[in-house]
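Engineer: Next one to model:
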Amino acid sequence: MIKVAVCGALGKMGKEVVEAVRECADTELAAQIDIAGSEFKTIADAHKTCRIDVLVDFTQPASIYENALYCLNNGIKIVIGTTGLKDEQIEELKRLSKEKNTGCFIAPNFSTGAVLMMMFAQQAAKYFDNAEIIELHHNQKKDAPSGTAIKTALMMSQAKDTFKKDNCPETETIEGSRGGTSYSDIQIHSVRMPGYIASQEVIFGSSGQIFTIRHDTMDRKCYMAGVLLAVKHVAAKNDFVYGLDNIMH
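Structural biologist: Numbering: from 1, shown residues only. Purely as a prediction, here's the structure:
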């Protein structure tokens, strides 16, 4: 039985993870951690009294890095669903995971449909020279662009150095109107609006055609199969994994 602690247990995603862990035959809820007043306020508090095999973190961009450092330095395997980590922070967690021989699983998105969208975009990137990403989330999301959009752009960038072939020189009359420039010059546009949970479009274009790949999330329960898949993987191994696509076969 895998002893699982949930950090950010009182948040919208945290509550879903708590329920999923309780309902899974292979996992047992070891601790609920949340600064808002859960069973434990910090990971350190829970670690003093509970056996934790895997910690699942759905907190905030401001706290995730320190949470991950604590886990890896104290032999707690971690599954990270919180987005907002910088590239250099991810590289440091990868290094520390290997040094401590402690599993670390980072996934910008745990929805199997969203991961397939990212994988399909990676394949399509080989055949198009122009592409942009639009990601749409609820207006309580604190980081932009989304981790899913960043990971998608990274995967697409493996195909070529730029996705702005033959674009004319541009001047923004309103700063930021063209979105942010990411890997291989892929523009990412972030929308924040009540009513959305999480959606993303990857738009490819060439002369005479537009190809769009889109995924929409309507219920946070769709993430739980991926979360449990990651928990089981990290419980069995001590490797570092970035992206659910790496274990979906």
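Engineer: Over to the residue of the chain positioned farthest from its centre: give its phi and psi.
Structural biologist: Within the chain, the residue lying farthest from the chain centre (C-alpha atoms, centre = their mean) is Gly208, at 34.0 Å. Phi and psi for Gly208, reported as degrees, to the nearest 10, are phi 90, psi 0.
Engineer: what's the closest residue to Asn167 other than its chain neighbours in contact with, if anything?
Structural biologist: Spatial nearest neighbour of Asn167, excluding adjacent residues (C-beta to C-beta, 6 or more residues apart in numbering): Asn130 at 7.4 Å. (C-beta placed from N, C-alpha, C; glycine too.) Asn130 sits next to Phe163, Lys164, Lys165, Asp166, Asn167, Phe204, Gly205, Ser206 when contact means C-beta atoms under 8 Å, 6 or more residues apart in numbering.
Engineer: Kindly reformat those residues as JSON lines containing neighbour count, pLDDT and secondary structure.
Structural biologist: Output for the contacts of Asn130, formatted as JSON lines (neighbours: other C-beta atoms under 10 Å; pLDDT from 0 to 100; DSSP: H, G, I helix; E, B strand; the rest coil):
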{"residue": "Phe163", "neighbour count": "25", "pLDDT": "98", "secondary structure": "coil"}
{"residue": "Lys164", "neighbour count": "16", "pLDDT": "96", "secondary structure": "strand"}
{"residue": "Lys165", "neighbour count": "13", "pLDDT": "96", "secondary structure": "coil"}
{"residue": "Asp166", "neighbour count": "7", "pLDDT": "94", "secondary structure": "coil"}
{"residue": "Asn167", "neighbour count": "12", "pLDDT": "95", "secondary structure": "coil"}
{"residue": "Phe204", "neighbour count": "20", "pLDDT": "98", "secondary structure": "strand"}
{"residue": "Gly205", "neighbour count": "16", "pLDDT": "98", "secondary structure": "strand"}
{"residue": "Ser206", "neighbour count": "13", "pLDDT": "97", "secondary structure": "strand"}
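Engineer: Now tabulate those in a markdown table and tack on distance to Leu55.
Structural biologist: Putting the contacts of Asn130 into a markdown table (distance: C-beta to C-beta, whole Å) gives the following:
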| residue | distance to Leu55 |
| --- | --- |
| Phe163 | 37 |
| Lys164 | 41 |
| Lys165 | 44 |
| Asp166 | 48 |
| Asn167 | 44 |
| Phe204 | 38 |
| Gly205 | 42 |
| Ser206 | 45 |
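Engineer: And Ser38, what's its pLDDT?
Structural biologist: Ser38 carries a pLDDT value of 85.
Engineer: May I ask which helix or strand encompasses it?
Structural biologist: Using DSSP states H and E, Ser38 maps to neither a helix nor a strand.
Engineer: Also Glu19?
Structural biologist: Assigned by DSSP H and E, Glu19 falls in helix 12-23.
Engineer: and what of Leu229?
Structural biologist: With DSSP H and E as criterion, Leu229 is part of helix 224-236.
Engineer: Run the angle between that helix and helix 12-23 for me.
Structural biologist: Angle, helix 224-236 to helix 12-23, by axes from the mean of the first three to the mean of the last three C-alpha atoms, to 10 degrees: 70 degrees.
Engineer: who touches helix 224-236?
Structural biologist: Contacts of helix 224-236 (C-beta under 8 Å, 6+ apart): 2, 4, 16-17, 20-21, 24, 26-27, 53-54, 56, 77-79, 81, 103-105, 107, 109-112, 115, 241, 244, 247-248.
Engineer: Drop anything exposed from the residues you listed.
Structural biologist: Buried members of the contacts of helix 224-236, counted by 16 or more other C-beta atoms under 10 Å: 2, 4, 16-17, 20-21, 24, 27, 53-54, 56, 77-79, 81, 103-105, 107, 109-112, 115, 241, 244, 247.
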